[in-house]
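# my questions concern the predicted model and sequence given below.
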Amino acid sequence: MSHTYSSNRVHVIFSTKGRVDAISEALQPKLWAYMAGIAKKQGFQAVAIGGMPDHVHVLLLLPAIMPLAKALQYLKGSSSKWLHENGVNFSWQEGYGAFSVSASQTAGVISYIKNQKAHHAKRSFEGEFLDFLRKYDVRYDPKYVLG
């Protein structure tokens, strides 16, 4: 083949350091838009971004040459810097959860991300994250998984 073709969709979840409620409802739309801009500037796409005061969900569409870890370094580092510059004492947790998404499941993941407030009226971030790990058969040590 003379060209490279890929479909790298990844649902990424990460929280604020210590899972503190640091992202107010008023700040969320601005932060999500800023993060989408970071992605675009760095050559990948944030298809959907949403979350709660203590965590964020992002559906990324990565080109073949973009490592996931590099995309997350851009998103987390740049958004944390922006928040500090705007007077928010803020840090993201060190790690993240990343889960592959098929093209046929994209619409459902977008809906899930966009409806975080309703979803979390019924369940905690901790329960949600552990369910993702189990659903995707990711091994983890319960002692360390939630920091």
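Thanks, I have it.

# do you know how far Ser100 is from Met66?
Using C-beta to C-beta, to the nearest Å, one obtains 15 Å as the distance from Ser100 to Met66. Placement of C-beta: from N, CA and C, glycine included.

# of the two, who's got more company?
Neighbour tally, Ser100 and Met66, criterion other C-beta atoms under 10 Å: the higher count belongs to Met66, 18 against 10.

# does the more buried one touch Gly43 like I think?
Yes: contact criterion C-beta atoms under 8 Å: Met66 and Gly43 qualify, at 6.4 Å.

# overlap in contacts of these two?
Contact criterion C-beta atoms under 8 Å, 6 or more residues apart in numbering; residues shared by Met66 and Gly43: none found.

# which other helices and strands does the lengthiest helix in the chain contact?
In the chain, assigned by DSSP state H, the helix with the most residues is helix 68-85. The contact analysis (3 or more C-beta pairs under 8 Å, 6 or more residues apart in numbering; DSSP states H and E) places helix 68-85 against strand 8-15, helix 28-42, strand 55-62.

# hmm, 6 Å instead?
If you count contacts as 3 or more C-beta pairs under 6 Å, 6 or more residues apart in numbering; DSSP states H and E, helix 68-85 packs onto helix 28-42.

# quick one: buried residues of the helix it packs on?
Using 16 or more other C-beta atoms under 10 Å as the test for burial, helix 28-42 gives 28, 31-32, 34-36, 38-39.

# thinking again about what came up before, got the angle for the longest helix of the chain vs strand 55-62?
130 degrees (axes from the mean of the first three to the mean of the last three C-alpha atoms, to 10 degrees).

# elements contacting the lowest-mean-pLDDT helix or strand in the chain?
Across the helices and strands of the chain, mean confidence by mean pLDDT, DSSP states H and E is lowest for helix 116-120: a mean of 86. On a contact count with 3+ C-beta pairs under 6 Å, 6+ apart, helix 116-120 meets strand 45-52.

# and the strand it packs on, what does it pack against?
Using 3+ C-beta pairs under 6 Å, 6+ apart, the elements in contact with strand 45-52 are helix 28-42, strand 55-62, helix 106-114, helix 116-120.

# and the first one, how far from the chain's centre?
Put simply, helix 28-42 sits 12 Å off its chain's centre (C-alpha atoms, centre = their mean, to the nearest Å).
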